[in-house]
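**Student:** Show me the folded form of this:
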Amino acid sequence: MQPDRSLSENIFLFLKGLAMGAANKVPGVSGGTVSFVLGFYEELIFSFQRINLKACALLLKGRFKSFFLYINARFLLLVLGGSIFSYFSISQILDYLLKNYELYVWSWFFGMIIGSVWYIGKGFYNWNLKNTVAVFIGATLGVGISFLTPAAENDNLWFIFICGIVGVSGMTLPGLSGSFILILMGNYVLLLVDSVNELFSVITDVFSGDISFMNDSNRVRYLKIMGVFTAGSVFGLVFISHVLGYLLKRWNQIITAIIIGFITGSLGIVWPWKTEQYKVEHGEYLLDQQGNKIIENYQRFLPDLTNQTSWIAIFYILVGILLILGIDYYGRKRK
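**Tutor:** Residues are numbered from 1 along each chain as shown. Next comes the predicted model:
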């Protein structure tokens, strides 16, 4: 674990959590990639690993300070606090930008992921056969996921719990977008839009002294869904982190190579020039329970270089790459 941080370092860590949380909500972008690039990925994984039987024993014995130190709680609270806060703040701004400036936002993300591949790969020199094959496997998985067809919405609570486990994977697995996986499972709108907005509304009502939501079966349904999804996410964070911590200790280079390949393959998910294809049955669009058109897949195409919009999008790709280069420069300067 890292030594005590200064106030400025704690604030910066909270801001990193904001960035990771915002990335987790955007389909195609991995919060794990953000944590990898911002330099706190391994501490995040190993902190979650500390949530184990020993931690439970310390908690049950009332040794709260020892428990707090053992699980690196200050670090986790700052990062996860930033991530949760972003769902009600920065991610709302991202939702607005995606609705109004979709091409430019995707271009920016595309550039950031290109920069992330360079950032992770620049210090990786052991290109033996095993690691080369691992990169190819990771890239193949990333590309394959980007072409899967989304399922229909499913609000069964056991399925919601599984969505929580899978959805949080984007925080622990660089290159894997948990929100995009939720689109494939059919529950992105239900879990990361409708339920989050409903939870925010309920919290606002509670603070204003209004508890009438308890008599509204639809709002209670959303709260149940959010509760089960959160439980699945917590379980997934701890479980996946234990598995990843073990793998990183034993096969660090191979896992890093797979991550490099996976992030590279995920470029297909965030390719800026694409249009949504919706499910159609009997000549009509199929809708989910909220009345939204169900996405079947994406039609990707090459940019029209005679169009000024395309050149602006390319500019934002460069901005995304330069942002990662800037973060790398800042990190090296601080050492």
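**Student:** only C-alpha atoms for contact and neighbour calcs from this point on.
**Tutor:** Will do.
**Student:** buried sites along stretch 219-232?
**Tutor:** Using 16 or more other Cα atoms under 10 Å as the test for burial, stretch 219-232 gives 219-220, 222-223, 225-232.
**Student:** Relative to Lys274, which of these is nearest.
**Tutor:** Distance to Lys274, by Cα to Cα, is smallest for Phe229 among the buried residues of stretch 219-232, at 30.0 Å.
**Student:** Chain neighbours aside, what residue packs nearest to the closest one?
**Tutor:** Of all residues not flanking Phe229 in the chain, Gly164 sits nearest, at 4.6 Å (Cα to Cα, 6 or more residues apart in numbering).
**Student:** Give me the buried stretch members for the strand or helix carrying the one you found, please.
**Tutor:** When elements are assigned from DSSP states H and E, Gly164 belongs to helix 157-167. Neighbour-count burial for helix 157-167, counted by 16+ other Cα under 10 Å, picks out 159-167.
**Student:** if we take the residues you listed, which one ends up nearest to Ser66?
**Tutor:** Ranked by distance to Ser66 (Cα to Cα), those are led by Ile165 at 28.1 Å.
**Student:** tell me what the longest helix anywhere in the chain is packed against?
**Tutor:** Counting residues, the longest helix found in the chain (DSSP state H) is helix 217-250. When contacts are defined as 3 or more Cα pairs under 8 Å, 6 or more residues apart in numbering; DSSP states H and E, helix 217-250 packs onto helix 41-49, helix 157-167, helix 169-172, helix 195-207.
**Student:** Name the stretch from these where average model confidence is lowest.
**Tutor:** Lowest mean pLDDT within the helices and strands packed on helix 217-250: helix 169-172, at a mean of 76.
**Student:** Make TSV out of the buried residues of stretch 219-232 and add pLDDT and distance to Phe12.
**Tutor:** As requested, the buried residues of stretch 219-232 are exported to TSV (pLDDT from 0 to 100; distance: Cα to Cα, whole Å):
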residue	pLDDT	distance to Phe12
Arg219	85	36
Val220	88	36
Tyr222	88	33
Leu223	89	32
Ile225	92	32
Met226	90	29
Gly227	92	29
Val228	94	31
Phe229	92	28
Thr230	90	26
Ala231	93	28
Gly232	91	28
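**Student:** got TSV for those, with distance to Ser30 too?
**Tutor:** Shown next, in TSV, are the buried residues of stretch 219-232 (distance: Cα to Cα, whole Å):
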residue	distance to Ser30
Arg219	30
Val220	30
Tyr222	25
Leu223	26
Ile225	23
Met226	21
Gly227	23
Val228	22
Phe229	18
Thr230	18
Ala231	20
Gly232	18
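**Student:** so which two of those residues are the farthest from each other?
**Tutor:** Most distant of the buried residues of stretch 219-232, by Cα to Cα, are Arg219 and Gly232, 20.0 Å apart.
**Student:** and the end-to-end length of stretch 174-194?
**Tutor:** 26 Å (Cα to Cα, to the nearest Å).
**Student:** backbone phi and psi for Asn72, please?
**Tutor:** Dihedral pair for Asn72: phi 60, psi 50, per degrees, to the nearest 10.
**Student:** pLDDT wise, what is it at?
**Tutor:** Value for Asn72, per-residue pLDDT: 89.
**Student:** Give the closest residue to it in space, chain neighbours not counted.
**Tutor:** Asn72 sits nearest to Ser47 (Cα to Cα, 6+ apart), 5.9 Å away.
**Student:** what sits against the one you found?
**Tutor:** Residues near Ser47 by Cα atoms under 8 Å, 6 or more residues apart in numbering: 1, 71-73, 76.
**Student:** returning to what we had before: can I get the buried residues of helix 157-167 in CSV including distance to Leu80?
**Tutor:** Converted to CSV, the buried residues of helix 157-167 look like this (distance: Cα to Cα, whole Å):
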residue, distance to Leu80
Phe159, 24
Ile160, 21
Phe161, 19
Ile162, 20
Cys163, 19
Gly164, 15
Ile165, 16
Val166, 17
Gly167, 15
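**Student:** Relative to Thr309, which of those residues is nearest.
**Tutor:** Gly167 (33.0 Å).
**Student:** is it true that that closest one touches Gly178?
**Tutor:** Yes. Between Gly167 and Gly178 there is a contact at 4.2 Å, judged by Cα atoms under 8 Å.
**Student:** coming back round to it: how far away is the residue nearest to Asn72 from Tyr285?
**Tutor:** Ser47 is 46 Å from Tyr285, by Cα to Cα.
**Student:** Distance-wise, check the residue sitting furthest away from the middle of the chain relative to Val193.
**Tutor:** Here the centre of the chain is the reference, and by Cα atoms, centre = their mean the most remote residue is His282, at 35.7 Å. Using Cα to Cα, we find His282 at a distance of 28 Å from Val193.
**Student:** try Ile51
**Tutor:** Taking Cα to Cα, one finds Ile51 at 29 Å from Val193.
**Student:** More neighbours: these two, which one.
**Tutor:** Set Ile51 next to Val193 and count neighbours by other Cα atoms under 10 Å: Ile51 wins out with 20 against 15.
**Student:** circling back: buried only: go through the contacts of Ser47 for me.
**Tutor:** 71-73, 76.
**Student:** hey, C-alpha coordinates of whichever helix or strand Leu141 is part of in PDB?
**Tutor:** In this assignment (DSSP H and E), Leu141 forms part of helix 129-146. Taking C-alpha atoms only, helix 129-146 is exported to PDB below (Å, rounded to 0.1, in the frame of the first residue of the first chain):
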ATOM      1  CA  LEU A 129       5.800 -15.800 -28.700                       C
ATOM      2  CA  LYS A 130       3.600 -16.200 -25.600                       C
ATOM      3  CA  ASN A 131       3.100 -12.500 -25.200                       C
ATOM      4  CA  THR A 132       2.500 -11.900 -28.900                       C
ATOM      5  CA  VAL A 133      -0.200 -14.700 -28.900                       C
ATOM      6  CA  ALA A 134      -1.700 -13.100 -25.700                       C
ATOM      7  CA  VAL A 135      -2.000  -9.700 -27.500                       C
ATOM      8  CA  PHE A 136      -3.700 -11.400 -30.500                       C
ATOM      9  CA  ILE A 137      -6.200 -13.200 -28.200                       C
ATOM     10  CA  GLY A 138      -7.000 -10.000 -26.400                       C
ATOM     11  CA  ALA A 139      -7.500  -8.100 -29.600                       C
ATOM     12  CA  THR A 140      -9.700 -10.900 -31.100                       C
ATOM     13  CA  LEU A 141     -11.900 -10.800 -28.000                       C
ATOM     14  CA  GLY A 142     -12.200  -7.000 -28.100                       C
ATOM     15  CA  VAL A 143     -13.200  -7.000 -31.800                       C
ATOM     16  CA  GLY A 144     -15.600 -10.000 -31.300                       C
ATOM     17  CA  ILE A 145     -17.400  -8.300 -28.500                       C
ATOM     18  CA  SER A 146     -17.900  -5.100 -30.500                       C
END
